[in-house]
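Undergrad: I would like to see how this sequence folds:
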Amino acid sequence: MQKFTVVIMKEFEADTAEEAALLMYQELATGPAPLHYSVTDETGNASDLTLDRAKADEFASVDHTADPGNW
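TA: As a prediction, this is how the structure comes out:
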């Protein structure tokens with residue numbers, strides 16, 4: 001299995017970096033999951049991805065750890 005770094009980027013107006021991080025945390029805890037991501041693989045190749053909400057919700061509803069292909 002490969003390793004990926006997934007980053008969510010969003011701009012916030014805040015007085016400090018900590019406040020901006022707290023605003024992001026608040027949004028993640030109370031709002032819908034984000035759909036826009038930056039993904040970098042272990043070789044350093046980066047991609048910007050936008051997920052389809054319906055497909056992402058369907059994927060999230062399935063227990064993919066039960067798939068023998070993931071073992």
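
Undergrad: sec struct for the residue nearest to residue 27 when sequence neighbours are not counted, please.
TA: Sequence neighbours aside, residue 10 is the residue nearest to residue 27 in space, at 7.3 Å (criterion: CB to CB, 6 or more residues apart in numbering). Bear in mind the C-beta positions are built from the backbone N, C-alpha and C, glycine included. What DSSP: H, G, I helix; E, B strand; the rest coil gives for residue 10 is coil.

Undergrad: and the pLDDT at residue 10?
TA: Looking at residue 10, its pLDDT stands at 90.

Undergrad: do residue 63 as well
TA: pLDDT, residue 63: 77.

Undergrad: that one: how many residues sit nearby?
TA: 7 (other CB atoms under 10 Å).

Undergrad: tell me where the model's unsure across this protein.
TA: Residue ranges of the chain with pLDDT under 70: 66-71.

Undergrad: go with 90
TA: 1, 9, 60, 62-71 (pLDDT under 90).

Undergrad: residues contacting residue 32?
TA: When contacts are counted by CB atoms under 8 Å, 6 or more residues apart in numbering, residue 32 touches residue 53.

Undergrad: SS state for it?
TA: Going by three-state DSSP: residue 32 is coil.

Undergrad: any idea how far it is from residue 44?
TA: Separation of residue 32 from residue 44 (CB to CB, to the nearest Å): 30 Å.

Undergrad: next one: residue 25
TA: Distance of residue 25 to residue 44, computed by CB to CB: 28 Å.

Undergrad: over to residue 17?
TA: 26 Å.

Undergrad: the residue nearest to residue 27 is in contact with residue 25, isn't it?
TA: No - contact criterion CB atoms under 8 Å: residue 10 and residue 25 do not qualify, at 11.4 Å.

Undergrad: which stretch of helix or strand covers residue 48?
TA: strand 46-50 (DSSP states H and E).

Undergrad: alright, calling it a day.
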